[in-house]
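A.B. asks: this is a predicted model, with the sequence first.
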There are 2 protein chains.
Amino acid sequence: MPSRMRDNPVPAGGVLSAVDGLAQLAFLIHATLERRAAEHDVSMIQTRLLGVLRDRRPTINELAQLLALDKSSTSGLVDRAERRGLVVRIPSTTDRRSVKVTLTDAGRSLVAQVSASFEADVSTLVDRLPRSDRDTMTRLVSRLVVAHASEHGVDLFASIEAQAQ
Amino acid sequence: MPSRMRDNPVPAGGVLSAVDGLAQLAFLIHATLERRAAEHDVSMIQTRLLGVLRDRRPTINELAQLLALDKSSTSGLVDRAERRGLVVRIPSTTDRRSVKVTLTDAGRSLVAQVSASFEADVSTLVDRLPRSDRDTMTRLVSRLVVAHASEHGVDLFASIEAQAQ
DNA sequence: TATTGTTATACTCTATAACTATA
DNA sequence: TATAGTTATAGAGTATAACAATA
């Protein structure tokens, strides 16, 4: 936890350390998405569920892997989303034990709205910087994320991707 | 939500947009803290509670404002932390309705450990970039966060700070 | 009367363990 | 037997409303 979390997040005109600045940014962006989701009465995990389903029709087990939840937690999560009309369970044609979880039109519409307002928020945030600084930051942040992912999550995600559908 | 959340977080050797890159970075950092906290069997909200208490002894009401929770939620949060020996309620000497929530030695030790490992994680992450790039990114991220805060949270936090203790 | 904090209630979210149906 | 999914149970976390004690 960054030391900035101890008191005011912002020293008057000061400069934050790498850790403090990045941590503040992370919490700011996370809170932004949470607030936009809450405007539509969805939690972060429900939002992640809908986001994952935008281009997949996974089984409960696949969904559990994608969301890093137990299959029972996933089943309950899908229950609540289904009760709200955001997703549906479609029986698998090849395995009668299994279901494919699918976004409804309402679910797709909701996630599109949350995404759009969230992306607008982040754009507004970065537009505070002059174009050239923004481009520089984007390039550096991108390098960081890409480098980290190529050392970690990529294979995991790729294999789940391959399994899914 | 960034479009990258739809599938693989990392395009092979590609460059992310400003929104996607920042969002990915934010979720990565958030997940890092969550994982470090989980190693000590504490949730994010419990970690935030302990973090806030590092340099404050707020009342339940003040804590509720700091954490953006209802006072009843805060009361329960403190109950569970107190049951684990991480915090204590100390009766106010000036108002017999009120209590001051205070970190125990165990709570202070726990939050120090989580902070240290989290900060090490973030350092490791940014150390992937060469020094000069890292400094540039830090400066830009810092400007972003400071600019945003000076337009939003600062007054709020400052006033809560002033009330607290 | 107003404020501080707790309690009652209800819901989401999570995991573990036991279960049903199918493979 | 093994796997896919659900259900039972327990607990954290959250909000609303009602409450007791104190101001």
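C.D. replies: Looks like it arrived, so ask away. Numbers count the residues shown, from 1 in each chain, chains lettered A, B, ... in the order given.

A.B. asks: how close does the residue nearest the centre of chain A sit to residue A:116?
C.D. replies: Residue closest to the mean C-alpha point of chain A, counted by Cα atoms, centre = their mean, is residue A:48 at 5.0 Å. Per Cβ to Cβ, to the nearest Å, residue A:48 is found 17 Å from residue A:116. Backbone N, C-alpha and C define where each C-beta goes, glycine included.

A.B. asks: what about stretch A:44-54, near DNA strand D?
C.D. replies: No: Stretch A:44-54 stays clear of DNA strand D (Cβ under 7 Å from any atom of the strand), getting no nearer than 10.6 Å.

A.B. asks: buried residues in that stretch, which are they?
C.D. replies: Residues A:45, A:46, A:47, A:48, A:49, A:50, A:51, A:52, A:53, A:54 are the ones in stretch A:44-54 that count as buried (16 or more other Cβ atoms under 10 Å in any protein chain shown).

A.B. asks: which stretches of chain A form helices?
C.D. replies: For chain A, helices defined by DSSP state H occupy the ranges A:18-39, A:44-52, A:60-67, A:71-83, A:105-126, A:131-151, A:154-163.

A.B. asks: which stretches of chain A have low pLDDT?
C.D. replies: A:1-15, A:153-165 (pLDDT under 70).

A.B. asks: let's go with 80 and repeat that
C.D. replies: A:1-15, A:18, A:152-165 (pLDDT under 80).

A.B. asks: residues of it that sit close to DNA strand C?
C.D. replies: With Cβ under 7 Å from any atom of the strand as the criterion, chain A meets DNA strand C at residues A:42-43, A:45-46, A:68-70, A:72-73, A:76-77, A:80, A:83, A:95-97.

A.B. asks: one step back: of the buried residues of stretch A:44-54, closest to residue B:103?
C.D. replies: Ranked by distance to residue B:103 (Cβ to Cβ), the buried residues of stretch A:44-54 are led by residue A:45 at 29.5 Å.

A.B. asks: ok, that closest one touching residue A:77?
C.D. replies: Yes: with contact defined as Cβ atoms under 8 Å, residue A:45 reaches residue A:77; the gap is 6.4 Å.

A.B. asks: shared neighbours, those two?
C.D. replies: By Cβ atoms under 8 Å, 6 or more residues apart in numbering or on different chains, residue A:45 and residue A:77 have these common neighbours: residue A:67.

A.B. asks: so how far is residue A:20 from the residue nearest to the centre of chain A?
C.D. replies: Separation of residue A:48 from residue A:20 (Cβ to Cβ): 27 Å.

A.B. asks: ditto for residue A:132
C.D. replies: Using Cβ to Cβ, one gets 24 Å for the distance from residue A:132 to residue A:20.

A.B. asks: do the same with residue A:134
C.D. replies: Residue A:134 is 21 Å from residue A:20, by Cβ to Cβ.

A.B. asks: looking at those two, which one has more neighbours?
C.D. replies: The neighbour comparison of residue A:134 against residue A:20 (other Cβ atoms under 10 Å in any protein chain shown) goes to residue A:20, with 24 against 16.

A.B. asks: quick one: contacts of stretch A:78-91?
C.D. replies: Contacts of stretch A:78-91 (Cβ under 8 Å, 6+ apart): A:46, A:49-50, A:53, A:57, A:60, A:63, A:98-104, A:106-107, A:110.

A.B. asks: next, see if it gets close to DNA strand D.
C.D. replies: Yes: residues of stretch A:78-91 contacting DNA strand D under Cβ under 7 Å from any atom of the strand: A:78, A:79, A:89.

A.B. asks: now list the buried members of the residues you listed.
C.D. replies: Using 16+ other Cβ under 10 Å as the burial test, the residues of stretch A:78-91 next to DNA strand D include A:78, A:89 as buried.

A.B. asks: what about the residue nearest to residue A:87 when sequence neighbours are not counted, how many neighbours?
C.D. replies: Spatial nearest neighbour of residue A:87, chain neighbours left out: residue A:81 (4.5 Å); criterion: Cβ to Cβ, 6 or more residues apart in numbering or on different chains. Other residues near residue A:81 come to 22 when the count uses other Cβ under 10 Å.

A.B. asks: and residue A:81, how far is that from DNA strand D?
C.D. replies: Distance of residue A:81 to DNA strand D, computed by Cβ to the nearest atom of the strand, to the nearest Å: 12 Å.

A.B. asks: with residue A:62 instead?
C.D. replies: Using Cβ to the nearest atom of the strand, one gets 7 Å for the distance from residue A:62 to DNA strand D.

A.B. asks: what does chain A put close to DNA strand D?
C.D. replies: So chain A meets DNA strand D at A:59-62, A:71-72, A:75-76, A:78-79, A:89, A:92, A:95, A:97-99 (Cβ under 7 Å from any atom of the strand).
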